[in-house]
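Q: quick one: sequence plus predicted model below, questions after.
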Amino acid sequence: MALCTLSKYPTHPVKNRALTGDHLVTYVADVAGDDPRDDPGDDAVFRALADPTRRRLLDVLFLADGQSVQALGAHDPEMTRFGVMKHLTVLEAANLVVTRRQGRQKLHYLNPVPIAEIADRWISKYAQPFARALADLRSELEG
């Protein structure tokens, strides 16, 4: 009997490494997912964008890029400096914000690439059938 590394309990013995259907087993994403375009970074981006405070910080960076923690905190006086730093850490982990040191200051810049990648991956594939239908309708009406 082999030990399954996919099991929630690593010492739990299973007879084979096939998918068991057991609700206690936690599968690795690669086992269940068959789409090579699935990116674990997408989860981080979705988690980062799920919070309205973080979306507000991204909007502030969109208006004026390269701001310090103090400048970002000035836009939301109810939030502490540590709260701003916590949200910026999540945004940096999702690669939505990049930082650069300038002297003693750490400046934060918006990185729109992950959002564009998600739009290409998720939005465009659902919009494509509608665009194709409109193009077909146009060619049919124009004869």
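A: Arrived safely. In this text the structure is predicted, and so the values were computed from the model without any measurement. Numbering: from 1, shown residues only.
Q: when you work out contacts or count neighbours from here on, use the C-alpha atoms and nothing else.
A: Will do.
Q: tell me where the protein has helices.
A: In the chain, helices defined by DSSP state H lie at 29-32, 40-49, 52-63, 69-73, 81-93, 113-118, 124-142, listed in chain order.
Q: compare those and give me the one nearest residue 101.
A: For the helices of the chain, proximity to residue 101 was assessed by Cα to Cα; helix 69-73 is nearest, at 12.1 Å.
Q: contacts for the closest one, please.
A: By Cα atoms under 8 Å, 6 or more residues apart in numbering, the list of residues contacting helix 69-73 from outside reads 57, 60, 79-81, 84-85, 106-108.
Q: do that again at 7 Å, thanks
A: Contacting residues not belonging to helix 69-73 are listed as 79, 81, 84-85 [Cα atoms under 7 Å, 6 or more residues apart in numbering].
Q: returning to what we had before: need the helices of the chain in a markdown table (columns: mean neighbour count and mean pLDDT).
A: Rendered in a markdown table, the data for the helices of the chain read as follows (neighbours: other Cα atoms under 10 Å; pLDDT from 0 to 100):
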| stretch | mean neighbour count | mean pLDDT |
| --- | --- | --- |
| helix 29-32 | 10 | 45 |
| helix 40-49 | 16 | 88 |
| helix 52-63 | 16 | 96 |
| helix 69-73 | 17 | 94 |
| helix 81-93 | 17 | 95 |
| helix 113-118 | 14 | 91 |
| helix 124-142 | 11 | 85 |
